[in-house]
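# quick check, what structure comes out for this input:
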Amino acid sequence: MAKSIFEFTIADGATTSNPHDLREYEIVAIQADASFEGATISFLSSGDANPDGPSAKGYDAVVDSAGAAVTVTITDDRYIVLAQATQFLLAGLACINIVSASTETGAQTLRVIARRCL
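Numbering: from 1, shown residues only. Coordinates of the predicted model:
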């Protein structure tokens, strides 16, 4: 199955990345820059076609059925394969943002490796 790479960038002094529409994808792995400062990441998602538009409701934290945030432990300069349960929770989310647990010093890029959902 073909994989795609989506680059999420967290700006200098920020915690939240730019959005990507991953409705047709399942995240399987994440790779962070060597200088990434956050120890964990969490996710925001919106079902709106235009979540930043004038009538949009915006983004919500992605949580499991118990209300716990879906998080991934990130180690800089590593290729992190997500556990199958985490892959399932993140599959097909629309307009997703990644949130670092720490304010980043310098722009940071997270490469999200995803496969198309059938």
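
# so the residue most central in space within the chain is in which element?
When the chain is reduced to its mean C-alpha position, the nearest residue by CA atoms, centre = their mean turns out to be Ile98, at 3.6 Å. With elements delineated by DSSP states H and E, Ile98 resides in strand 96-100, which encompasses its position.

# and that strand, what does it pack against?
On a contact count with 3 or more CB pairs under 8 Å, 6 or more residues apart in numbering; DSSP states H and E, strand 96-100 meets strand 3-10, strand 40-45, strand 108-116. C-beta coordinates here come from the backbone N, C-alpha and C atoms, glycine included.

# most tightly packed of those?
For the helices and strands packed on strand 96-100, the stretch with the most neighbours on average is strand 40-45, a mean of 20; neighbours defined as mean count of other CB atoms under 10 Å.

# pairing partners for that one, with directions?
The sheet places strand 40-45 alongside strand 60-61 (antiparallel), strand 71-73 (antiparallel), strand 96-100 (antiparallel), with pairing taken from DSSP bridges.

# for the residue nearest to the centre of the chain, name its beta-bridge partners.
Going by DSSP bridges, Ile98 is paired in beta bridges with Phe43.

# what does Thr73 give?
Beta-bridge partners recorded for Thr73 (DSSP bridges): Thr40.

# tally of neighbours for it?
One way to gauge burial is a neighbour count; for Thr73, by other CB atoms under 10 Å, it gives 10.
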